[in-house]
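# dropping a prediction and its sequence here:
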Amino acid sequence: MQSTQPLVDPVVTEVVSSDLPPESRSEGLRADIAYGARLIASYLRSDLVIGVALLAMKFGLEAGSSMVMLKAQLQLAEVTNALVERKTDIVPPLLSVILLLGVCVIAFSLLRDFSSYTLRMRARQHLTDRITDRWMAKDRFYHLERYRKVDHPEQRIQEDIYAFVENVLSMGPTIFGAVFSITLYARELWRLSPPLTVSLFGTELVVHGSFFFAVCAFAFGWTLVTHWLGRGLTRAEIVRQRLEAQFREDMAGIRENGEAIAFEKGTRIECQRLNGTFGLIRRNWLLYTIANMRVTLASSVPTVVLLAAPMLMCAPYIMKGQMQMGDLQMVTGSMMMVYNSAGIFIILYRGLAMLRSAVSRLHFFDRQLDSLPAPSIQVTPADGGTIRTRDLALAYPDGRPMLRVADLAIAPGDRLLIKGPSGAGKSTLLRALSGLWPHGGGQVQAPDHVRCCFLPQRSYMPDGTLASLIAYPAAPDSIPDAVYAEILGRLNLAALVPRLHEFAPWRRILSPGEQQRIACARAILSGADFVFLDESTSALDMHAETSFYTLLDERLPKAAIISVAHRSTVERFHNQIAEVTAGQLVLQPSPPSVDPASRPSQEGITHVIDR
């Protein structure tokens with residue numbers, strides 16, 4: 001039976017159906033233009049010598065190409081007139097000049113490609129570093145995802161920066177070349193325009209440059225028509241990028257969780273999910289197609305008009321003998337070049353829409369990086385090596401109270417176990433102690449320059465060598481292979497030693513229990529001062545769990561270990577137990593069955609004041 005529950009995010013569906021994406025709802029064209037200009041200025045300031053030199057070279061080559069093309073057209077016009085007048089003796093020298101000019105055009109094109117591609121990578125490198133640094137700073141990547149303020153930041157950094165650089169560096173010099181070309185060809189078109197007598201209110205006026213004014217008026221007027229016809233293209237492109245990123249994410253999720261999907265026979269539901277997302281792509285593609293067709297219509301009409309207009313405008317003057325056939329050829333070429341210059345935004349409209357889409361997405365992303373709410377839990381540096389809390393109260397993001405903690409201190413060497421029902425706030429307390437949970441009130445005092453290690457049920461396992469996983473975030477070469485081998489042996493993972501330097505997607509190769517033991521090795525080799533364990537032995541049997549905690553206690557005797565667990569077997573590895581009861585964290589006495597002498601000292605952990 002077909003499910004009535006949505007498999008695709010309803011917010012995305014609403015954006016496709018009727019609403020505007022957040023990028024289009026926020027600020028207007030002027031703000032996006034200003035932001036794009038700031039990005040360009042930021043790069044040029046960072047690459048003041050090479051970058052500016054490459055840009056100047058690119059602009060110079062555009063200007064040079066326009067001058068060469070004009071010279072070639074003038075030579076072709078002379079060839080045409082010479083052929084009409086049967087002066088064949090002057091044709092070969094003219095053709096030699098045209099051939100030489102063609103060689104110059106090829107050389108300019110090669111140099112233009114060199115400067116363009118070099119400049120693209122240098123600009124992309126700077127902007128990628130700039131925005132990535134902002135995304136990573138102050139754990140914004142974590143908080144931004146938790147608040148769900150921006151969809152697919154990785155796509156914005158990778159694809160939108162690429163699109164921005166690509167379009168700016170392809171269209172910028174083109175616009176400059178258009179401005180330069182209009183100064184060259186306007187003079188020729190003005191020269192070739194016969195005086196036009198116009199009667200205005202009984203007065204005879206002689207208008208010079210009528211061909212030039214006619215083509216400029218047509219170009220500017222048609223620019224407005226093009227914008228009116230193609231105004232929906234930017235919105236359709238923004239939505240398209242969002243949907244394509246969602247489709248890739250859905251497929252990546254299937255690849256990452258292939259084993260679970262295969263075990264659960266979830267192929268059918270996953271196909272429905274993919275079909276649902278691609279169905280939205282298809283719906284938006286209709287709008288995207290219509291918007292592109294409108295732009296194509298707008299850009300095609302001038303081609304037809306300029307095909308016939310020069311002939312119709314020049315025919316009367318040719319018949320009167322005021323113009324030659326070579327002049328007609330020059331007028332046709334000049335009118336086309338002036339139109340291409342004055343109407344450059346018509347020619348580039350599709351690219352400008354893509355550029356506006358990239359700028360809008362980057363601008364929205366950049367603004368969201370600075371719009372994260374300030375944390376209501378105050379995190380301050382503490383003297384000594386003890387983490388302390390004062391009047392700490394955790395809350396849900398909507399403000400509802402979650403857990404109250406007061407006057408807790410965790411000193412080096414402490415072993416604290418936090419127990420309680422699921423959803424009571426135990427894991428959230430670990431985040432608060434690490435300064436990652438902003439909702440609530442009170443204060444967390446944490447010492448500066450201490451090393452913390454967090455071990456969830458499934459730790460971060462990026463693709464790489466096994467040694468790089470164990471050493472993370474340190475460099476794998478900083479630890480001798482013998483140390484890796486010894487600690488893997490202690491964790492009953494000796495079979496992995498021969499594969500220590502094998503690059504592989506280990507998160508898909510290792511079992512959950514093996515990943516938890518790799519995380520234990522990582523914590524030990526990091527020499528952490530505080531180790532936070534969140535159900536970190538849930539996939540281990542009792543023997544492996546014992547080895548896990550015994551090794552931590554042996555290798556990190558001075559580290560504070562704070563565990564969240566439901567298993568009662570974990571209690572024997574801790575010298576203090578705190579339990580969440582009725583929204584309060586309450587410290588309990590040690591279980592009588594455990595020999596206090598076998599535990600580290602309890603000094604440094606103060607009892608919670610139940611208020």
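Thanks, I have the structure now. Numbers count the residues shown, from 1 in each chain.

# list the buried residues for stretch 156-165?
By neighbour count on 16 or more other Cβ atoms under 10 Å, the buried set for stretch 156-165 is 156, 157, 159, 160, 161, 163, 164, 165. For the C-beta atoms, the positions are set from N, CA and C on the backbone; glycine is no exception.

# how long is that stretch from one end to the other?
With Cα to Cα, to the nearest Å as the measure, stretch 156-165 spans 13 Å from end to end.

# how about stretch 517-535?
OK, stretch 517-535 end separation, Cα to Cα: 12 Å.

# ok, which stretches of the stretch 251-400 of the chain are strands?
378-382, 387-395 (DSSP state E, counting those that start in this stretch).

# my bad, should have said the stretch 51-200 of the chain
Taking DSSP E, counting those that start in this stretch to define them, one finds strands in the stretch 51-200 of the chain at 196-200.

# any idea what sits nearest residue 166, other than its immediate chain neighbours?
Nearest non-adjacent residue to residue 166, counting by Cβ to Cβ, 6 or more residues apart in numbering: residue 120, 6.6 Å away.

# list the residues that contact the one you found.
Counting by Cβ atoms under 8 Å, 6 or more residues apart in numbering, residue 120 makes contact with 165, 166, 169.

# shouldn't the first one be in contact with residue 126?
No - Residue 165 sits out of contact with residue 126 when judged by Cβ atoms under 8 Å, with a separation of 9.4 Å.

# can you pull the pLDDT of residue 270?
Predicted confidence (pLDDT) for residue 270: 85.

# got it, and residue 505?
For residue 505, pLDDT reads 87.

# for residue 347, which non-adjacent residue is closest in space?
residue 340 (6.1 Å).

# secondary structure element for the nearest residue to residue 195 once chain neighbours are set aside?
Leaving out its chain neighbours, the residue that sits closest to residue 195 by Cβ to Cβ, 6+ apart is residue 206, at 5.1 Å. According to DSSP states H and E, residue 206 maps onto strand 203-207.

# and if you look at residue 492?
Residue 492 belongs to no helix or strand, assigned by DSSP H and E.

# tell me how far it lies from residue 546.
Counting by Cβ to Cβ, to the nearest Å, the separation of residue 492 from residue 546 is 11 Å.

# wait, is residue 435 part of a strand?
No - counting by DSSP: H, G, I helix; E, B strand; the rest coil, residue 435 is located in no strand; its state is coil.

# list the contacts for it?
Shown in contact with residue 435 (Cβ under 8 Å, 6+ apart): 379, 444, 446.

# kindly state the beta-bridge partners for the first one.
It refers to residue 379. residue 444 (DSSP bridges).

# run through the strands of the stretch 401-550 of the chain in chain order.
401-405, 409-410, 415-419, 440-447, 452-455, 464-465, 503-504, 530-534.

# what's the last one packed up against?
Looking back up the chat, that one is strand 530-534. Applying 3 or more Cβ pairs under 8 Å, 6 or more residues apart in numbering; DSSP states H and E, one finds that strand 530-534 makes contact with helix 426-433, strand 452-455, strand 560-564.

# any chance of those in CSV, plus distance to residue 334 and mean neighbour count?
Shown next, in CSV, are those (distance: least, Cβ to Cβ, whole Å; neighbours: other Cβ atoms under 10 Å):
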stretch, distance to residue 334, mean neighbour count
helix 426-433, 69, 22
strand 452-455, 69, 21
strand 560-564, 78, 25
